[in-house]
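1. here's a sequence, model it:
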Amino acid sequence: MTCAHLAEAGAPRPQTTQGCQDCLRDGNTDWVHLRLCLTCGHVGCCDSSPYRHATAHFQESGHPVIRSFEPDQSWRWCYTDQMLG
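-> Modelled structure (predicted):
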């Protein structure tokens, strides 16, 4: 099975390099890992983090693909098709 979303994902500039932009806005710094939206560059925290901002961004925006925003990690995930790429 293939995923068109993963095949078509872009490479946008991150909106921040300082951490989860929603946590930073709210004064939180307790994220676990960061994820980058490959549609708009939103940087959000992972589902192991208290606020799960990357998933919340997908639910609000419909942007389907994220990638790890951690050093030495390059995997991507499509929320829509539930596929790793």
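2. can I get the longest helix belonging to the chain as PDB, trimmed to CA atoms?
-> Of all the elements of type helix in the chain, the one with the most residues (DSSP state H) is helix 53-61. What follows is helix 53-61 as a C-alpha-only set of coordinates in PDB (Å, rounded to 0.1, in the frame of the first residue of the first chain):
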ATOM      1  CA  HIS A  53       0.200  19.800  19.700                       C
ATOM      2  CA  ALA A  54       1.400  18.100  16.500                       C
ATOM      3  CA  THR A  55      -1.800  15.900  16.500                       C
ATOM      4  CA  ALA A  56      -3.900  18.900  17.500                       C
ATOM      5  CA  HIS A  57      -2.500  20.800  14.500                       C
ATOM      6  CA  PHE A  58      -3.400  18.000  12.200                       C
ATOM      7  CA  GLN A  59      -7.000  17.800  13.600                       C
ATOM      8  CA  GLU A  60      -7.400  21.600  13.200                       C
ATOM      9  CA  SER A  61      -5.700  22.100   9.800                       C
END
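3. buried residues in it?
-> Of all the residues in helix 53-61, those buried under the rule 16 or more other C-beta atoms under 10 Å are 53-55, 57-58. Every C-beta, even on glycine, is put in place using the N, C-alpha and C of the backbone.
4. among the residues you listed, which one sits closest to residue 23?
-> Proximity of the buried residues of helix 53-61 to residue 23 was ranked by C-beta to C-beta; the top entry is residue 53 with 6.5 Å.
5. so what's the residue count around the residue lying closest to the closest one once chain neighbours are set aside?
-> Nearest-residue entry for residue 53: residue 44, 3.5 Å, with adjacent residues in sequence omitted and distances by C-beta to C-beta, 6 or more residues apart in numbering. Taking other C-beta atoms under 10 Å as the criterion, the count of residues near residue 44 is 27.
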